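Colleague: Following is a predicted model, sequence given first.
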Amino acid sequence: MEGGCPLGPPSSEVRWPALRDCLDLLEAEGCAQGIIDHSIVVAQLALAIASACGADVDMVFAGALLHDIGRSRDGCLGHVIASADIIRERGLPEELALIAERHLGAGVGAEEAEGLGLPARDLRPVSLEEKIVSHSDNLVYYDEILGLDAFCERMTEKGLAGQCEKARAIHAELSELCGFDIEQIFAVIDQGPQTTERRVVE
Ligand SMILES: [Fe+2]
């Protein structure tokens with residue numbers, strides 16, 4: 001019969017770099033081990049949230065792994081722009097560049113960005129995937145998941161209580177989508193050797 005489909009459906013295109021590719025990129029850009037460790041913990045948490053609330057898990061995982069890649073070029077706030085630049089230079093999907101560009105705190109508008117010495121662009125997370133990575137980053141401090149209250153304490157100490165309010169709103173939005181408070185996810189995330197040691201001691 002003519003018009004059949006002898007080869008079957010086209011294979012699905014792999015759009016998102018996998019774990020090994022992301023780690024290779026972080027190393028190739030000269031990221032410090034602390035940045036890589038932080039990014040892996042953020043990616044674990046972001047992946048868990050993404051799978052619970054119906055986001056694109058592969059996009060979120062790659063975006064979280066690469067969100068701080070620009071810290072190899074800029075150790076300050078500008079690393080969000082540097083991360084997006086590197087992701088674009090490497091020819092990776094624009095969605096990953098936007099995840100990186102929009103992960104500062106719980107969202108920074110164009111005017112605020114300009115006041116911080118950044119390009120006058122709206123850097124607030126828009127897509128679900130952008131919100132998940134940015135919020136996961138807020139919940140992680142270095143390579144530990146400390147949660148929302150700890151983020152709020154850090155922001156309040158810096159005189160940035162507005163960031164805390166924005167983070168609480170995103171937290172509520174993601175929890176609503178997941179159907180449970182996403183802080184419940186923390187208990188089931190394996191944070192590596194430190195967690196294993198604690199288990200052995202306890
Ligand atoms: Fe960052």
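Modeller: Sure thing, it's come through. Numbering: from 1, shown residues only.
Colleague: What distance do you get for D122 to G70?
Modeller: Counting by CB to CB, to the nearest Å, the gap from D122 to G70 is 18 Å. To be clear about C-beta, it is placed using only N, CA and C from the backbone, and glycine gets the same treatment.
Colleague: what do you get for V60?
Modeller: With CB to CB as the criterion, V60 and G70 are 18 Å apart.
Colleague: How about M155?
Modeller: 22 Å.
Colleague: So which of those two has more stuff around it?
Modeller: More crowded of M155 and G70, by other CB atoms under 10 Å: G70, with 24 against 20.
Colleague: Spatially nearest residue to the more buried one (excluding sequence neighbours)?
Modeller: A82 (2.8 Å; CB to CB, 6 or more residues apart in numbering).
Colleague: Give me the secondary structure label for that neighbour.
Modeller: Look at A82: counting by DSSP: H, G, I helix; E, B strand; the rest coil, its state is helix.
Colleague: What pLDDT does the model give the most centrally placed residue in the chain?
Modeller: In the chain, the C-alpha nearest the mean C-alpha coordinate belongs to V133, at 2.7 Å (CA atoms, centre = their mean). Reading off the confidence values, V133 has pLDDT 98.
Colleague: Now do the contacts for it.
Modeller: Contact analysis of V133 by CB atoms under 8 Å, 6 or more residues apart in numbering lists V42, A46, V60, G63, A64, H67, I99, H103, P125.
Colleague: The second one is in what secondary structure piece?
Modeller: Spelled out, it's A46. helix 33-52 (DSSP states H and E).
Colleague: list the buried ones in that helix?
Modeller: Of the residues in helix 33-52, 35-36, 38-50, 52 count as buried by neighbour count, 16 or more other CB atoms under 10 Å.
Colleague: Count the residues that sit near the closest residue to E95 other than its chain neighbours.
Modeller: Excluding its sequence neighbours, the residue lying closest to E95 (CB to CB, 6+ apart) is M59, at 5.8 Å. Residues within reach of M59, counting by other CB under 10 Å, total 22.
Colleague: A150 contacts Y141, correct?
Modeller: Yes - under the criterion of CB atoms under 8 Å, A150 makes contact with Y141 at 6.4 Å.
Colleague: Which parts of the chain are helices?
Modeller: Applying DSSP state H to the chain gives helices spanning 19-28, 33-52, 57-66, 79-89, 94-101, 110-115, 128-139, 148-157, 161-178, 193-201.
Colleague: Turn those helices into TSV, including distance to F186.
Modeller: Formatted as TSV, the helices of the chain follow (distance: least, CB to CB, whole Å):
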stretch	distance to F186
helix 19-28	21
helix 33-52	8
helix 57-66	16
helix 79-89	25
helix 94-101	21
helix 110-115	29
helix 128-139	8
helix 148-157	10
helix 161-178	12
helix 193-201	11
